[in-house]
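Chemist: What would the 3D arrangement of this be:
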Amino acid sequence: MQGETNLARLLAGMSPSLDETVYVFAFLPAGSPETVVSAVLMRFAEAEGTTLVLPREEAERAGLVFTFPCRRIVLEIHSSLEAVGFLAMILPRLAAASIGVNPVSAFHHDHLFVPEDRAADAMAILSAIATGA
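Modeler: Model prediction:
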């Protein structure tokens, strides 16, 4: 199934959804034993080691060192991985409001990880973008 590539339709059709879970970014250095954590949302390998994005409770339970308590906003529109400019239209609006964001594009949706205490502000901005305000 092909995702949407038309920028106007992506912006007008996105429906931001705020995940209630507080996530964190944890790091496992290269060569360290893989920690068994059941609720890892994302795992990304780099030369230096592996980044895990997981619920804060899981990171604490596993004794992982973590940073960036955040909330995930799912842009509920099936965006194509080949779409051009979708996040480029969104991220500057969040930056103008001094909201840091870590975006992740997955097969069906784009996901924005924003600071836990700025999630409501980010949702308001995203809703305004979707309604054309």
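Chemist: What lies in contact with stretch 83-90?
Modeler: Under the contact criterion C-beta atoms under 8 Å, 6 or more residues apart in numbering, stretch 83-90 has outside partners 3-5, 7, 10-11, 75, 79, 103, 105, 110, 112, 126, 129. C-beta here means a position set from N, CA and C on the backbone, and glycine is covered the same way.
Chemist: Check the residues you listed for the minimum pLDDT and say which it is.
Modeler: Minimum pLDDT across the contacts of stretch 83-90 is recorded for Leu7, with 86.
Chemist: Let me see the backbone angles for the spatially closest residue to that one that is not a sequence neighbour.
Modeler: Closest residue to Leu7 in three dimensions, ignoring its sequence neighbours and counting by C-beta to C-beta, 6 or more residues apart in numbering: Gly85, at 5.0 Å. Gly85 adopts backbone torsions of phi 90, psi 0, taken as degrees, to the nearest 10.
Chemist: out of the contacts of stretch 83-90, which one sits closest to Glu48?
Modeler: Looking at these and their distance to Glu48, the nearest is Pro103, at 20.7 Å (C-beta to C-beta).
Chemist: The closest one belongs to a strand?
Modeler: Yes: in this structure, Pro103 lies within a strand as judged by DSSP: H, G, I helix; E, B strand; the rest coil.
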